[in-house]
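**Q** Prediction below, plus the sequence it came from.
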Amino acid sequence: MSPVVVLLLIAGLSEATGRVLPLVSRRPGMSRSVVVGLLLTGTLIESAVIALWPRTAWTLATLLRSDPVPDPAGLVWTPGLITPLVLAGILAFPWLGPLLHVLLLTAVGASLSGPLAAAGGLSWAAAAGCLAVAAFGLACAVEVVRRLVARALAVGVGESVA
């Protein structure tokens with residue numbers, strides 16, 4: 001397995017842990033199998049979202065250009081670019097600082113802007129905008145899924161009590 005895939009999985013696990021542990025602390029009666037299932041599912045989803053971030057930004061960048069866009073071969077995750085996302089996931093814990101989490105994600109997005117601008121023939125600002133819109137869209141999609149799962153879990157708990 002390549003170092004980038006391992007770091008993607010660690011970053012995904014870190015993000016998932018930051019989201020699942022507050023849930024576990026509010027509901028101490030959760031079984032281990034449910035917690036492990038939530039962590040594994042969250043890890044896969046968060047890893048996929050992180051992996052899709054540059055590709056989604058690339059897709060948005062192609063929409064900004066009218067001429068054919070070159071191949072995005074230069075726009076890939078490297079260990080140096082993805083390592084801060086592991087730290088960002090750790091900082092996703094609500095009590096450790098959402099602002100610091102957002103600042104770190106912004107720094108990673110800024111570091112991706114250069115390669116996206118070079119690969120897509122865009123200005124740095126346009127590339128940064130594509131990355132920001134892609135990150136916001138992916139975050140909203142994940143949040144919708146999280147809320148649906150939370151409602152499903154709440155309904156399941158309500159039905160088992162009755």
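**A** Received it, and whenever you're ready, just let me know what you need.
**Q** Helices along the chain, start to end?
**A** Under the criterion DSSP state H, the chain carries helices at the ranges 3-26, 32-64, 79-90, 98-120, 124-161.
**Q** Turn those helices into CSV, including mean pLDDT and mean neighbour count.
**A** Backbone N, C-alpha and C define where each C-beta goes, glycine included. Output for those, formatted as CSV (pLDDT from 0 to 100; neighbours: other Cβ atoms under 10 Å):
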stretch, mean pLDDT, mean neighbour count
helix 3-26, 82, 18
helix 32-64, 87, 17
helix 79-90, 74, 17
helix 98-120, 81, 17
helix 124-161, 81, 14
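**Q** For residue 139, see how far away residue 6 is.
**A** Separation of residue 6 from residue 139 (Cβ to Cβ, to the nearest Å) stands at 23 Å.
**Q** ditto for residue 146
**A** Residue 146 is 10 Å from residue 139, by Cβ to Cβ.
**Q** cool, residue 32 as well?
**A** Applying Cβ to Cβ to residue 32 and residue 139 gives a distance of 29 Å.
**Q** cool, residue 37 as well?
**A** For residue 37 relative to residue 139 (Cβ to Cβ), the value is 23 Å.
**Q** Likewise for residue 46?
**A** 11 Å.
**Q** who's in contact with the closest residue to residue 56 other than its chain neighbours?
**A** Spatial nearest neighbour of residue 56, excluding adjacent residues (Cβ to Cβ, 6 or more residues apart in numbering): residue 134 at 3.9 Å. By Cβ atoms under 8 Å, 6 or more residues apart in numbering, the contact set of residue 134 is 53, 56-57, 59-60.
**Q** go on, residue 109?
**A** Neighbour list for residue 109: 128, 131-132, 135 [criterion: Cβ under 8 Å, 6+ apart].
**Q** out of these, who's nearest residue 18?
**A** Nearest to residue 18 among the contacts of residue 109 is residue 135, at 16.4 Å by Cβ to Cβ.
**Q** In this structure that closest one contacts residue 53, no?
**A** Yes. Contact criterion Cβ atoms under 8 Å: residue 135 and residue 53 qualify, at 6.1 Å.
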